[in-house]
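Chemist: let's see this in three dimensions:
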Amino acid sequence: MSLYTLTGAQLAFGHVALLDHADFSLETGERVGLIGRNGAGKSSLLKIVAELAKPDDGLITRQQHLSTVYVPQEPEFDADAPVFDAVASGLEGVRALLDEYDTVAHKLADTPEGAEHDALLARMNTLQSSLDAADAWNWRTRVSTTLAQIGLDGEARVGALSGGMQKRVALARALVVQPDVLLLDEPTNHLDFDGIRWLEELLVAQRSSLLFITHDRAFLDRVATRIVELDRGKLLSYPGNFSQYQERKAQQLEVERVENEKFDKLLAQEEVWIRKGVEARRTRSVGRIARLVQMRNERAERRNVQGNVRLDVAQGEKSGKIVAELTDVTKRYGDRTIVDRFSATVMRGDKIGFVGPNGAGKTTLLKLILGELKPDEGTVRVGTNLQVAYFDQMRAQLDLEKSLADTISPGSDWVEINGAKKHVMSYLGDFLFAPERARSPVKSLSGGERNRLLLARLFARPANVLVLDEPTNDLDIPTLELLEELLADYDGTVLLVSHDRAFLDNVVTSVFAAEGGGQWREYVGGFTDWQTQSARAQQLAEARAPQAAAPAAAAAPKESATGRNAQRSVKLSFKEQRELEELPKRIEALETEQKTIGAQIEEGSIFAKDAQEGVRLTERYAQIDEELLAALERWEELESKRK
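Modeler: As a prediction, this is how the structure comes out:
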């Protein structure tokens, strides 16, 4: 039996039906990812399941004594409360029962035998059963255990914590209840990569059923066992993770398109028939006319797929070939070093992702590159003719009292995109804002809509350098995918800060990664490439550490005896020098071969022409991966030895 079932649910705000005879069920142990367009009604559905809201109509069936806990996008706490008390507030009901039990016990001790005594005794037995069932006697232990599991200091003040740590407090407050159903609205907001990985592992290990809203595709792939899409008022279920959903959704949309085309063709034929001359009207069938009326009604009620955002950047003039050149740059705030002797060159057309934990200094490094901050040491040479467009994650550029139209084009009804004038109403329509909303104030928009408006404002300004600080927050998945395509085709330079792993993989060509203590390092490729290279480099460092320690230990007595700390430089042998010179050519050849094979495999015809050759190419593709890794490791080893 399902834990929770919603049948024929209807919910509308104004003339828009968010739920239109929608059905939904949640089974024991399921982890359901709820996706859909911004404003589709996902949060409303979550609140209905949490019993914080009710549908206009429909049948709700819940298992008896089902416990649900809802964690909103922006949890609220008393800023002065200790973390222990904030987490324990999730057990308010249990603690109220304990308080009542103590009160009844004291009254019972002071009440002589009689009717009142018997009533108090009965109430105490009922309370004891409830407390036993809720495991309430050990509530302090439960709170302490949950804090330890999530890695929180119970004595810390909630207001002193970062956004990511406050999100952990909210999760701890929910998990301490040990609910049957856990409801999470955008749980990855404010979390860095380590926090997201931690959350993934935590949720996968939980016994509670899970219903969550997120636009993080990698998170959906890792956590979800089923995807439910809220699409045009209906709830559509797809077993499996997000990648499997994408395949099934594409097939479904194609079938829907074909069926709609057939229907529209038949309707057009019937419209022609009904408008024929007098002779045809004499022989009209009453049943056929009734069917035409019904078809007209069906067509009018059909809810088409919502249009996609149309993204187009107003391209500025080309910048200089070098956008920025950093040489031994150091930046400190007080005793803390944010950037320590970092050198890099940003070229025109580079797409660079900045990754690292919250507070590592990603925004600081961005400002150093753009020349907005002066380094304490080292030099920054900023390129010529830079036209920078900045996307701020805090949306500070938006005036909440201004209208949408004034935000895009103050004092004018026109915007200019790549030399062509466009009416502001039409331009806002490209970003899915209806004409009647153009005069609405910004404060009336949801978080996702404000991000969309900020993108519209950003792309209306000529630019050759796009700086995007967490642009993916609150954007729905179709808009994310379109933004990826736009940035991939963009000729200018992109500097991107994001915690969306799939977005980084699909956009950036290199990564500047924070490695602690102000150390930054550049990696070629996207997020996955950085993880692979970083993990491999760490393994190599750990493997070399014992080998380096042994000679050092042997040399120590000799050095202490002579009192010298001179280091001997190690030179490459002739054979090693030749090997180091040849390795870049070999790496390039392997990459070229892999790219050629990849194109053949992706095209697919090789498997139809010669299945054995297709298998061989697939195996060779995987083998090149291993050879490339070995060559890169050897190059790094020889290069470090040479230095």
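
Chemist: for the nearest residue to H190 once chain neighbours are set aside, give its distance to T188.
Modeler: For H190, ignoring the flanking residues on the chain, the nearest one in space by C-beta to C-beta, 6 or more residues apart in numbering is G163 at 3.6 Å. In short, each C-beta sits where N, CA and C put it, glycine included. In this view, G163 and T188 are 12 Å apart by C-beta to C-beta, to the nearest Å.

Chemist: got it, and L26?
Modeler: Per C-beta to C-beta, L26 is found 21 Å from T188.

Chemist: and V94, what element?
Modeler: Assigned by DSSP states H and E, V94 belongs to helix 92-110.

Chemist: what is the mean pLDDT for that helix?
Modeler: Over the span of helix 92-110, the pLDDT mean works out to 78.

Chemist: in it, which residues are buried?
Modeler: Within helix 92-110, the residues that count as buried by 16 or more other C-beta atoms under 10 Å are V94, L97, L98, Y101, V104.

Chemist: what packs against that helix?
Modeler: The contact analysis (3 or more C-beta pairs under 8 Å, 6 or more residues apart in numbering; DSSP states H and E) places helix 92-110 against helix 115-133, helix 139-150.

Chemist: hmm, back to that, so between G163 and T188, which is more surrounded?
Modeler: T188 (23 against 11; other C-beta atoms under 10 Å).

Chemist: can I assume that one is in contact with W198?
Modeler: No - look at T188 against W198 with C-beta atoms under 8 Å: they stay out of range, at 10.8 Å.

Chemist: could you check the angle helix 139-150 makes with the helix holding V94?
Modeler: 160 degrees (axes from the mean of the first three to the mean of the last three C-alpha atoms, to 10 degrees).

Chemist: tell me the pLDDT of the closest residue to L572 other than its chain neighbours.
Modeler: Excluding its sequence neighbours, the residue lying closest to L572 (C-beta to C-beta, 6+ apart) is R642, at 5.4 Å. Reading off the confidence values, R642 has pLDDT 71.

Chemist: quick revisit: right, so the helices and strands packed on helix 92-110: which one is the most enclosed?
Modeler: Counting by mean count of other C-beta atoms under 10 Å, helix 139-150 has the highest mean neighbour count of those, with a mean of 16.

Chemist: after it comes which helix or strand?
Modeler: Using DSSP H and E, the next helix or strand after helix 139-150 towards the C-terminus is helix 163-175.

Chemist: check which helix or strand covers V228.
Modeler: Using DSSP H and E, V228 sits within strand 226-231.

Chemist: give me the angle between the helix or strand following that strand and strand 226-231.
Modeler: Using DSSP H and E, the helix or strand that follows strand 226-231 towards the C-terminus is strand 234-239. Interaxial angle of strand 234-239 relative to strand 226-231 (the same axes, to 10 degrees): 160 degrees.

Chemist: residue ranges in the stretch 51-200 of the chain under the pLDDT threshold?
Modeler: 133-135 (pLDDT under 70).

Chemist: do that again at 80, thanks
Modeler: For the stretch 51-200 of the chain, residues meeting the criterion pLDDT under 80 lie at 92-101, 104, 108-110, 114, 117-118, 127, 129-139, 149, 162-164, 190.

Chemist: do I have it right that D20 meets L230?
Modeler: No - the pair D20 / L230 is not scored as a contact, 10.2 Å apart, by C-beta under 8 Å.

Chemist: so where do the strands sit in the stretch 151-300 of the chain?
Modeler: In the stretch 151-300 of the chain, the segments counted as strands under DSSP state E, counting those that start in this stretch are 181-185, 209-213, 226-231, 234-239.

Chemist: report the secondary structure state of Y70.
Modeler: strand (DSSP: H, G, I helix; E, B strand; the rest coil).

Chemist: now for it: which residues touch it?
Modeler: Y70 makes contact with L46, K47, A50, L52, A174, L183, D185, according to C-beta atoms under 8 Å, 6 or more residues apart in numbering.

Chemist: now, the most widely separated pair of those residues?
Modeler: In terms of C-beta to C-beta, those reach their longest pairwise distance at K47 and A174, which sit 14.9 Å apart.

Chemist: could you check which of the two is surrounded by more residues?
Modeler: A174 (22 against 16).

Chemist: spit out the contact partners of the residue nearest to the more buried one when sequence neighbours are not counted.
Modeler: Among residues not flanking A174 along the chain, V69 sits closest, at 4.3 Å (C-beta to C-beta, 6+ apart). Counting by C-beta under 8 Å, 6+ apart, V69 makes contact with A50, G90, A174, V177, P179, V181, L182, L183.

Chemist: quick check: V69 vs F77, distance?
Modeler: V69 is 15 Å from F77, where distance means C-beta to C-beta.

Chemist: that older thread, now the strands of the stretch 151-300 of the chain in CSV, with mean neighbour count and distance to D489?
Modeler: As requested, these are exported to CSV (neighbours: other C-beta atoms under 10 Å; distance: least, C-beta to C-beta, whole Å):
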stretch, mean neighbour count, distance to D489
strand 181-185, 24, 33
strand 209-213, 23, 30
strand 226-231, 21, 27
strand 234-239, 16, 30
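
Chemist: can you put those strands in a markdown table and add distance to Y490?
Modeler: Listed next are the strands of the stretch 151-300 of the chain as a markdown table, based on distance: least, C-beta to C-beta, whole Å:
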| stretch | distance to Y490 |
| --- | --- |
| strand 181-185 | 32 |
| strand 209-213 | 29 |
| strand 226-231 | 29 |
| strand 234-239 | 32 |
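
Chemist: and those strands: which comes nearest F574?
Modeler: F574 sits nearest to strand 226-231 of all the strands of the stretch 151-300 of the chain, at 59.4 Å, using C-beta to C-beta.

Chemist: who does the closest one pair up with?
Modeler: strand 31-36 (parallel), strand 234-239 (antiparallel) (DSSP bridges).

Chemist: now what about the first one, what contacts it?
Modeler: Right, the one you point to is strand 31-36. Against strand 31-36 from outside (C-beta under 8 Å, 6+ apart): 26, 42, 45-46, 203-204, 209-215, 220, 223-231, 241-242, 245, 476-477.

Chemist: okay, the strands paired with strand 226-231 in CSV with distance to L266 and mean pLDDT next?
Modeler: Shown next, in CSV, are the strands paired with strand 226-231 (distance: least, C-beta to C-beta, whole Å; pLDDT from 0 to 100):
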stretch, distance to L266, mean pLDDT
strand 31-36, 31, 93
strand 234-239, 23, 90
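
Chemist: want to throw those strands into a markdown table with distance to L617?
Modeler: Shown next, in a markdown table, are those (distance: least, C-beta to C-beta, whole Å):
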| stretch | distance to L617 |
| --- | --- |
| strand 31-36 | 35 |
| strand 234-239 | 32 |
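
Chemist: tell me which element T330 falls in.
Modeler: T330 is located in strand 322-333, with elements delineated by DSSP H and E.

Chemist: run the chain-centre distance for that strand.
Modeler: On the basis of C-alpha atoms, centre = their mean, to the nearest Å, strand 322-333 sits 30 Å off its chain's mean C-alpha point.

Chemist: equivalent analysis for stretch 435-449, please.
Modeler: 23 Å.

Chemist: cool, and stretch 79-97?
Modeler: For stretch 79-97, the separation from the chain centroid amounts to 30 Å (computed by C-alpha atoms, centre = their mean).

Chemist: and for stretch 354-362?
Modeler: Centroid displacement of stretch 354-362 relative to its chain, using C-alpha atoms, centre = their mean, is 16 Å.

Chemist: go on, stretch 143-157?
Modeler: Computed by C-alpha atoms, centre = their mean, the chain-centroid distance of stretch 143-157 equals 26 Å.

Chemist: which outside residues touch it?
Modeler: Against stretch 143-157 from outside (C-beta under 8 Å, 6+ apart): 79-84, 87-88, 91, 165, 168-169, 171-172, 175-176, 198, 202.
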